[in-house]
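1. What follows is a protein structure lacking sequence information:
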Ligand code: NAP
């Protein structure tokens, strides 16, 4: 499979535009050979119309058919895996082991959603049968289930070219929900996206899916992306990236004649609280674990520990020394792109310039280009509270250690933070038991709390919440990871006194799909008698 550089308008490839671009190999800062053509406004419009036409037939495909489509995407991806992972490396500088992990995760997500569709319970069918002789007034027969929203636009993430991009969590959850998907390809890994798009299109064709169920459009976010979000036939948006990008899309969506939901997963500094009890015996171990979490994939994870909080004293001072030593033993690597590297370098310089900030350790690597220099800095709790610049996310292998005067100040800092994806506490159970205020403060701010662990390494499973109060995500009621992320792309719909013959199978009396339903307030697979 070769990289065509063209847009996918449904099943057709198209390159009518004059604007072209290339991706870059961050490892040697040379342009990759492929030329990508930016989608024209006419091509964007054609793709959205096709998606809108595909919506009804796709919605009507059975869960098993949609599951087959998702499983066929896996088969197509497996066929091109080696080539795909090579391109992934050439466009991201992420290592082969990391590529393997991300590929496995992408496949796992596809299978998880396929299984969800085969089982069918996810529609949360609910049936309240009629009570014609109710003394107050007759009660109608009312039946409810989730139905898809319509065409969804997905913006992939720079830091997850596979698992959060073209065939990533947003696209696959939307396809599983019954929504056609239009991907705005990420400009930094358009080649990876092009190969994955070809795999999705082949799978759609071999599974008998309608033309328009998937499109892949290349070009700038501000042109192609904005046009997609503003298009009246688009019904929702999924985004992973920067706060600025996410906010811009939320604003575009809100200004439309018909505002639409935008599920944007944006920045997070993922506070880690280290309590004294954990440092008595395990200071070196925790320093080592945190150093690996801060620097993994050059710190380019949305769950990277951005701030580490502890109470001033000999134990915390020793831990800071250990952390510095562990970090300085790690060799820094190239970042995703020179612009990301220069943003990172600028941010770390800005933090270092702030009054009261000192350097714990800093390590570069002159043998590579676009290197994300490893940086750990130290600041007192009082200074942190007074300087809002220190609470910004620094995307890269950086962490700010905050020495708090006492637990009250630590609590004050947690209360001052914006919404976060995660919050971690490193402590012994007994000490944590005596800190209910700390737990409450953290829970208010985050989507996931971690005890004696680090926030990186987001497990894909039904119980995972990957989201949190703004700006961690634009809507804290939903997760962007795991099967429940499907709920972002559906709406509840009720049928009242609807004829049996015309009801969806999920709501029919005889429960032909044998799904779990809420029948007159009881959870059961029983038929309606
Ligand atoms: P990004 O710049 O927000 O871009 C993500 C996607 O959104 C891209 O497809 C981009 O289009 C599009 N986009 C960005 N701004 C837009 C706008 N105003 N209107 C319409 N579309 C827009 O995020 P990223 O590429 O993942 O990372 C770039 C920077 O974001 C990094 O330097 C980092 O500082 C920050 N960041 C990223 C993450 C993350 O988890 N990915 C987390 C925190 C911070 P283009 O193709 O034109 O770029």
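-> Great, that's in hand. Not measured: the values here are computed from a predicted model.
2. Only the buried residues of the helix ranked longest in the chain, if you could.
-> Looking across the chain with DSSP state H, the single longest helix is helix 96-119. Using 16 or more other Cβ atoms under 10 Å as the test for burial, helix 96-119 gives 98-99, 101-103, 105-107, 109-110, 112-114, 116-118. For every residue, glycine as well, the C-beta is placed using N, CA and C.
3. next one: stretch 288-298
-> For stretch 288-298, by 16+ other Cβ under 10 Å, it's 288-291, 293-298.
4. near the ligand, from these?
-> On the criterion Cβ under 6 Å from any ligand atom, none of the entries of those sits beside the ligand.
5. Please narrow the residues you listed to those residing in strands.
-> Among the buried residues of stretch 288-298, no residue falls in strands (DSSP state E).
6. before we move on, the earlier item: go through the buried residues of helix 96-119 and say which is closest to the ligand.
-> Nearest to the ligand, judged by Cβ to the nearest ligand atom, of the buried residues of helix 96-119 is residue 102 at 13.5 Å.
7. my read: the closest one touches residue 160, true?
-> Yes. Between residue 102 and residue 160 there is a contact under Cβ atoms under 8 Å: 6.5 Å.
8. Provide the secondary structure category for the residue of the chain positioned farthest from its centre.
-> The centre of the chain is farthest from one residue, residue 135, which by Cα atoms, centre = their mean lies 50.8 Å away. Taken by DSSP: H, G, I helix; E, B strand; the rest coil, the conformation at residue 135 corresponds to coil.
9. Next, work out how far apart it and residue 289 are.
-> The spacing between residue 135 and residue 289, counted by Cβ to Cβ, to the nearest Å, is 64 Å.
10. With residue 182 instead?
-> 40 Å.
11. Smallest gap between the stretch 351-500 of the chain and the ligand, at which residue?
-> Taking Cβ to the nearest ligand atom, the stretch 351-500 of the chain has residue 395 as its residue nearest the ligand, at 3.5 Å.
12. Go ahead and confirm that residue touches residue 299.
-> Yes. Contact criterion Cβ under 8 Å: residue 395 and residue 299 qualify, at 7.2 Å.
13. Quick check: phi and psi at residue 374.
-> Torsion angles at residue 374 (phi, psi; degrees, to the nearest 10) stand at phi -80, psi 130.
14. Name whatever forms a beta bridge with it.
-> When bridges are called by DSSP bridges, residue 374 pairs up with residue 363.
15. And for residue 209, the neighbour number?
-> 25 (other Cβ atoms under 10 Å).
16. list the contacts for the spatially closest residue to it that is not a sequence neighbour?
-> Spatial nearest neighbour of residue 209, chain neighbours left out: residue 69 (5.4 Å); criterion: Cβ to Cβ, 6 or more residues apart in numbering. Neighbouring residues of residue 69 by Cβ atoms under 8 Å, 6 or more residues apart in numbering: 61, 175, 203-204, 207, 209, 213.
17. can you pull out the helices in the stretch 301-450 of the chain?
-> 314-328, 338-353, 381-386, 407-416, 429-433, 436-445 (DSSP state H, counting those that start in this stretch).
18. Flag whichever of the ones you listed has the least confidence on average.
-> If you rank those by mean pLDDT, helix 429-433 sits at the bottom with a mean of 94.
19. residues making contact with that helix?
-> Contacts for helix 429-433 (Cβ under 8 Å, 6+ apart): 275-278, 425, 438-439, 451.
20. which among those residues end up buried?
-> Using 16+ other Cβ under 10 Å as the burial test, the contacts of helix 429-433 include 275-278, 425, 438-439 as buried.
21. Out of the residues you listed, give me the two with the largest separation.
-> Spatially, the most separated pair among the buried ones among the contacts of helix 429-433 is 276 and 439, at 16.5 Å (Cβ to Cβ).
22. anything in stretch 220-236 near the ligand?
-> Yes. Stretch 220-236 is in contact with the ligand by Cβ under 6 Å from any ligand atom, via 220-222, 225-226.
23. The ligand contacts on the stretch 151-300 of the chain?
-> Within reach of the ligand by Cβ under 6 Å from any ligand atom, the stretch 151-300 of the chain has these residues: 155, 157-159, 184, 186-187, 220-222, 225-226, 240-242, 245, 248-249, 267.
24. Which residues does the closest residue to the ligand within the stretch 1-150 of the chain form beta bridges with?
-> Nearest to the ligand in the stretch 1-150 of the chain, going by Cβ to the nearest ligand atom, is residue 21, at a distance of 9.2 Å. Following DSSP bridges, residue 21 is listed with bridge partners residue 36.
25. The residue farthest from the centre of the chain: what's it in contact with?
-> By Cβ under 8 Å, 6+ apart, residue 135 has no neighbours at all.
26. and if you look at residue 527?
-> So residue 527 contacts 509-511 (Cβ under 8 Å, 6+ apart).
27. same question, residue 245
-> 155, 221, 239, 264, 266.
28. Please tell me I have it right and the first one contacts residue 239.
-> Yes. Taking Cβ under 8 Å as the contact criterion, residue 155 and residue 239 are neighbours in contact, 4.3 Å apart.
29. what's around the nearest residue to residue 115 once chain neighbours are set aside, how many residues?
-> With Cβ to Cβ, 6+ apart as the criterion, residue 115 has its nearest non-adjacent residue at 7.4 Å, and that residue is residue 67. Per other Cβ under 10 Å, the neighbour tally for residue 67 reads 23.
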